[in-house]
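Peer 1: Take this sequence and fold it.
(one chain, ligands or ions: 2)
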Amino acid sequence: MLSADRLWALGAMSGTSLDGVDAAMIETDGEVIHGFGPTAYRPYTAQEQAVLAAALGKWPGDDLDAAARLVEAAHLEVLGRFDGAGIVGFHGQTLTHDPQGRGTHQLGDGEALAQGLGLPVVWDFRSADIQLGGEGAPLAPFFHFACAKWIGATAPIAFLNLGGVGNLTWVDPSYARPEATGALLAFDTGPANAPINDLMMARRNEPFDRDGALARRGRVVQGALELFLDEPYFLRMPPKSLDRDTFADMIGLVGELGDGDAVATLTGMSAAAVLRGMEHCPSPPTRLLVTGGGRHNPVMMDMLRAALDCPVDPVEAVGLDGDMLEAQAFAHLAVRVARGLPTSCASTTGVRAAVSGGTISRPDKTTTARGAG
Ligand SMILES: Nc1ncnc2c1ncn2[C@@H]1O[C@H](COP(=O)(O)OP(=O)(O)OP(=O)(O)O)[C@@H](O)[C@H]1O
Ligand SMILES: CC(=O)N[C@H]1[C@@H]2OC[C@@H](O2)[C@@H](O)[C@@H]1O[C@H](C)C(=O)O
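Peer 2: Ligands and ions are numbered 1, 2, ... in the order given. Take a look at the predicted model:
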């Protein structure tokens, strides 16, 4: 067991958009956030992105070494820029997420990172949760709970991450601990930016619809939107989670449309998935705080604002950093794992009992797999 006291922790996230590695330091005891530190970003080159994209969904498989070494090297480079961290939370790059089938796999060896950085590294955050019947995702909600406390929220609020996939966390900050029954409800809402990015790349050789410029010129085609909303996923009660490409077929729904209408409709689908998700909140949140790259898309944000009664703001409105929240989350979770505190519970992943996931690898080569309830 590592020190139970607060410490500076370094977290890294390589998200489903495959754009690069976000890294951030926070001071935390795993319960209370004491401060936010420096951040860094290491984009993947186009060549690296192609290697990672080719590896998506290929786990389990035996041809993943080049992709794994690439992920480790990128992380070593960006994490090596920081000083003063006592522990590292390393998420890795999700290749496969299939909780009811193949399991979940985040590419990259935390043991290699521990040796390379000379620091304890917590990794493989999701497997223990799945072994106990959970979805293994989302895991940021326990950090969202700490963020709600940090910003002084006194009434229920919700955090929405608009990454490649969308995920929503409803938080009641009146509870003392995140695993308390009633404190949290979390789940993946649906696709967010991934289908938009894929369509932009396929049709225009551009990585994303910057500022929603193309969507703004198109219109949402209702028939395609309704077909999309017929997906059984939206009827499932949370907790529930998605792989990046679970909804890849939705691009077919807009296949006959011109570029503007196609992107507008995909943007409308992502927003509509969030709106469906909001109906699951135990009570209407007083505010929706949006993190992840989609908060930069004014078309998607306006669609949410038009349909919701509560204010919808980027997390910067409360002093948080929407590009780094997930990296900070895995720093915070690393400290929770080191302290044996839970990182998920029934209302965030559907796990049978609150569980402390993750494996701790130390530079002296000792490794501890957690997973105790
Ligand atoms: N200015 C912008 N206009 C429109 N979309 C944007 C803008 N900036 C970022 N995005 C979108 O946000 C995406 C990146 O979001 P983010 O970094 O949150 O994803 P991620 O962390 O990889 O995903 P996940 O949270 O699913 O793991 C980009 O690929 C793009 O689609
Ligand atoms: C399996 C996996 O990597 N899931 C990601 C993905 O990206 C967004 C959404 O889908 C969420 O479930 C999760 O990431 C965040 C960090 C989470 O675990 O909270």
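Peer 1: Next, give phi and psi for Val312.
Peer 2: phi -120, psi 110 (degrees, to the nearest 10).
Peer 1: What residues are bridge-paired with it?
Peer 2: Leu288 (DSSP bridges).
Peer 1: Quick check: chain neighbours aside, which residue is closest to the most centrally placed residue in the chain?
Peer 2: Residue closest to the mean C-alpha point of the chain, counted by Cα atoms, centre = their mean, is Glu326 at 6.0 Å. Nearest residue to Glu326 in three dimensions, chain neighbours excluded: Met13, at 4.1 Å (Cβ to Cβ, 6 or more residues apart in numbering). In short, each C-beta sits where N, CA and C put it, glycine included.
Peer 1: So the residue nearest to the centre of the chain belongs to a strand, correct?
Peer 2: No. Glu326: not assigned to a strand; according to DSSP: H, G, I helix; E, B strand; the rest coil it is helix.
Peer 1: Would you mind measuring from the residue nearest to Glu326 to Phe234?
Peer 2: According to Cβ to Cβ, to the nearest Å, Met13 and Phe234 sit 26 Å apart.
Peer 1: more neighbours, these two?
Peer 2: Comparing Met13 with Phe234 by neighbour count (other Cβ atoms under 10 Å), the higher total belongs to Met13, at 25 against 17.
Peer 1: backbone phi and psi for that one, please?
Peer 2: phi -130, psi 130.
Peer 1: How about Val88?
Peer 2: According to degrees, to the nearest 10, Val88 has phi -120, psi 140.
Peer 1: Might you report the residue contacts of it?
Peer 2: 9-12, 79, 113-114, 117, 119-122, 331, 334 (Cβ atoms under 8 Å, 6 or more residues apart in numbering).
Peer 1: can you pull the contacts of Ala306?
Peer 2: With contacts defined as Cβ under 8 Å, 6+ apart, Ala306 has no neighbours.
Peer 1: Against ligand 2, how distant is it?
Peer 2: Using Cβ to the nearest ligand atom, to the nearest Å, Ala306 is found at 24 Å from ligand 2.
Peer 1: Same question for that residue, what's its three-state structure.
Peer 2: Relying on three-state DSSP, one would call Ala306 helix.
Peer 1: again, but for Leu52
Peer 2: Under three-state DSSP, Leu52 comes out as helix.
Peer 1: In this structure it contacts Arg69, no?
Peer 2: No. Leu52 is beyond contact range of Arg69, at 11.8 Å (criterion: Cβ atoms under 8 Å).
Peer 1: neighbour count winner among the two?
Peer 2: Leu52 (19 against 15).
Peer 1: Can you tell me how far that one is from Val21?
Peer 2: Applying Cβ to Cβ, the value for Leu52 to Val21 is 11 Å.
Peer 1: what touches both of the two?
Peer 2: Common neighbours of Leu52 and Val21, counting by Cβ under 8 Å, 6+ apart, are Tyr44.
Peer 1: ok so, going back, who's in contact with the residue nearest to the centre of the chain?
Peer 2: By Cβ under 8 Å, 6+ apart, the residues touching Glu326 are 11, 13, 15, 22, 91, 140, 161, 163, 291-292.
Peer 1: Using TSV, lay out those residues together with secondary structure.
Peer 2: What follows is those, written out as TSV (three-state DSSP):
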residue	secondary structure
Gly11	strand
Met13	strand
Gly15	coil
Asp22	strand
His91	strand
Ala140	coil
Asn161	strand
Gly163	coil
Thr291	strand
Gly292	coil
